[in-house]
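1. from the sequence below, what's the structure:
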Amino acid sequence: MSKLKRLYNSFMWSKVNYDIRKVSSLSSVYYDDEINSNTRQYFEGTEKFKRTVSASNILTRSNSNDGQKFNLITEGSLRCNFYFDLPTSNIMEKIIHQTKTSHSWETHTICLDENEIKTQVVSNGWFKTPIPYSKIKRVIAHNKALNCVKLETDKGNYLLQASNSHQRDQWFHSLQWKVTLEQYRGILLNATSATLVQDLKLLVALAVNSHLYISDTYLPVLNIVSQLLSKKSASLSNISHEDLITALAPLVENNQPTHEICDFFIKHCRNAPRSLIVLDTFTQIVHRILKENVNFGKSSFLRLFVIEYIQALNCQNNPSEAIEKFLHRVHGPLSQCPHPRILSNLVSVCLSAIYHCFGSEIERKRNKKGTKVSNLHPAVVSHDLQSVNILNNQKTLSTKYMKNSLQEGKVADDVKTINTENSTLDMNLKESHSKQKLNKCLEETTSVFNIETMKLFVFVMDKILQIDDWGPNVAGLLQPLPFPDEALNNKEFLRAMYPLVERITQDSRDYVIKTLQHSREGKDGWLQLYSLNSPLCEDNGKLFSSMVTALLLPGVQSGKRKKFLTMLANSQLQAIITLAVRESEIMIQLLGEFLELDIIPDEQKQLQIVSTLLCTASGNKMYTELCSHRDVIHTMEGPTYFKLAPNSTIVDLQVLLGTGSWGNLRELDLSFTRPTAGIASTLSRLKNLKHLNLRFTDFNDKDLKGLCDSSLNLESLNLCETNVTDDGIQHLCVMSHLKYLNMNSTKLSLPVFTTLKGSLPSYVKYDVTYTEAW
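-> Residues are numbered from 1 along each chain as shown. Down below sits the predicted model:
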């Protein structure tokens, strides 16, 4: 039996003895000074004892109600004594009682450091010098002593007296853990490759089966394993990586792995990507990293491990299915993911991997210009899933950091961390670095991350976008185009992103479609990137037309339709004219609106638009109708009030507005009529209309959204007994000229009404009778 095995059995014998004593209730304390040799020999010879000391059975016992758990104590006040040769237990009890109030007992604040026991304040008493754990032979909790723990050393024996039995047990298990761990460290670091895996399993079982909580024991064990992996990297090549990972699995599945352990896992992902360990063990580890990690800037090795894990999934027989299973597992079975950090961490990993694909090109350009190499990586900040905040487009990356993370090495001495706040990683390179080192680093980076890697992580983002509750947030994160310019000017990248952008265009939710526009003025969005004006456009403007069609749907612009049209006229007029010549209906409609709303003041551009409309049949028809409407609407004659007869339709209204003079119309009563779809576009031509009555009509949310998108400045609106709901009513917040709003007998809810009141002026009068907000 090896030394480590004997140590493990000794630890487990103490644990078994503790459980037996507690269950049998033979005594209020747990350990005797001496265990009868015949009794121990009897237990060791039985199968019951052998089963008890096995790791699996001990694990079951520690999770039962009989096994009490303690917190690791590191500091506390104890009464201390020291003696050389302790007599039998009866004499010892007598000595303790006689010396309880004598001067031989001292009170100290004991601290359990990493390698030794010491007092908080240096004194001339029993703890004048610290006691290394390596000098402690045994830790014993006495059966008959008054709440005492005995430490046996070469110099003599120390008695530590606690105030009660629970505190005594806590000190006992904490001391026993510290002493045993120190012995394990020495044995493991000197173990041979033949016994290393078995010894490591015993160490992990020790941490899992201890009477201390796993949250107090896992970190020291992981630190020991990290030292083992860093010092014995050469001898580990002859050992099966799967055996080592299996031995570590009970600890790392529920706890964050260290840098050295991550490097070991990364090496396994690269060398054996189709191993069952990747799918069985690593999936749970990656799931926990994505669920609980809050700052990849401080733990970049965790991000690299997730990147390598996803690339290992891509090496499976069916990579698409493997990635989908992984995403659905981390999302969970519910319709809403219960862990908000998973999505932002996943997107952060994908963006980081994509950026590395183009990092070498960026560095070469900076190196040629002689620019200081710093601040090149886009910072992925924390994302609020409720408010759909966007990524900070700041760029911060170091070439040396890329080399470090991609080559599994330690952090270089000449690279230091400048800022890791808000999930950003800024690395600065010393000015003394030569161009030769930079070029070598860039070559290594390029060899690891390539275009195929970029396509893989774009595919992963596309799969994330397809998950219903994650889709809007992914679209919001990608709205500011958080990619380097080298990627945005690369045809391969735009070709890979095409299905993802097309999926956003086909989404039915207004707030998702809005992400196709730029995030703020002066910045390009997906609309400009795939425009026909772009030299990288490969689909003859098909996606651009689809995006414009989606962005012009009722409710998407929420009262900013004219502003959006002005932006298109200023930046995309030539592309729109070209597509209109190719008989694109949406582009012909856009040119008609430009003329109708007087968006383009330049006379030459107006003539270009007219010529474009006249060259196609549908455009010619639209221009003729537009001229007729302008003659009717712009003539400042006719009535100021008009009421349409009950049961009239939209056709009747269009016929009326198509002839005569309606430029003076200020009040229109359509109550009890039956208008159909398209009434909003008809009403939007009445520029001077101020009062509109739609009571008891089939006016719905789509019509209301279109009315809000128009340029009408209504002062009163009657929606009593219409089919509008919260979905359409919430868009009324853009009608800032309203003075009276009637929503009687509609499906208005109280939260939406409260929000609407806060958006509109305070002088607006409301009628919400027979609604939830009444």
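
2. where does the protein have low pLDDT?
-> 1-67, 84-103, 123, 143-145, 233-238, 360-449, 631-636, 676-678 (pLDDT under 70).

3. the spatially most central residue of it and I187, how far apart?
-> When Cα atoms, centre = their mean is applied to the chain, the residue found nearest the centroid is S344 (2.7 Å). According to Cβ to Cβ, to the nearest Å, S344 stands 43 Å off from I187. From N, CA and C alone the C-beta is placed, and that goes for glycine too.

4. and K739, by the same measure?
-> 85 Å.

5. who's more crowded, the two?
-> Using other Cβ atoms under 10 Å, the more surrounded residue of K739 and I187 is I187, with 19 against 15.

6. next, the more buried one: secondary structure please.
-> helix (DSSP: H, G, I helix; E, B strand; the rest coil).

7. same thing with M497?
-> Recorded secondary structure, M497: helix (three-state DSSP).

8. gap between the residue nearest to it when sequence neighbours are not counted and L465?
-> Spatial nearest neighbour of M497, excluding adjacent residues (Cβ to Cβ, 6 or more residues apart in numbering): V458 at 5.9 Å. For V458, the distance to L465 (Cβ to Cβ) stands at 10 Å.

9. which neighbours do these two have in common?
-> Common contacts of V458 and L465, defined by Cβ atoms under 8 Å, 6 or more residues apart in numbering, comprise L500.

10. what are the buried residues along the strand ranked longest in the chain?
-> Criterion DSSP state E: the longest strand present in the chain is strand 75-83. By 16 or more other Cβ atoms under 10 Å, the buried positions in strand 75-83 come out as 76, 78-82.

11. how about stretch 463-473?
-> Within stretch 463-473, the residues that count as buried by 16+ other Cβ under 10 Å are 463-465, 467, 470-473.

12. N540: which of the buried residues of strand 75-83 is nearest?
-> G76 (77.0 Å; Cβ to Cβ).

13. wait, doesn't the closest one sit right on S174?
-> No. Using Cβ atoms under 8 Å, G76 is not in contact with S174; the gap is 9.4 Å.

14. and the buried residues of stretch 463-473 as a markdown table, adding secondary structure and distance to W105?
-> Conversion of these to a markdown table gives the following (DSSP: H, G, I helix; E, B strand; the rest coil; distance: Cβ to Cβ, whole Å):
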| residue | secondary structure | distance to W105 |
| --- | --- | --- |
| K463 | helix | 68 |
| I464 | helix | 65 |
| L465 | helix | 70 |
| I467 | coil | 66 |
| W470 | coil | 64 |
| G471 | helix | 69 |
| P472 | helix | 68 |
| N473 | helix | 64 |
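
15. how about the residues you listed, which pair is most distant?
-> Pairwise distances across the buried residues of stretch 463-473 (Cβ to Cβ) peak at 15.4 Å, for the pair K463 and P472.

16. quick one, strands of the stretch 101-250 of the chain?
-> Secondary structure of the stretch 101-250 of the chain (DSSP state E, counting those that start in this stretch): strands at 106-112, 116-119, 131-132, 136-141, 148-153, 157-161.

17. looking at the ones you listed, which is closest to P601?
-> Nearest of the strands of the stretch 101-250 of the chain to P601, taken as Cβ to Cβ: strand 106-112 at 79.9 Å.

18. how big is the angle separating the closest one from strand 75-83?
-> Using axes from the mean of the first three to the mean of the last three Cα atoms, to 10 degrees, the direction of strand 106-112 lies 120 degrees away from that of strand 75-83.
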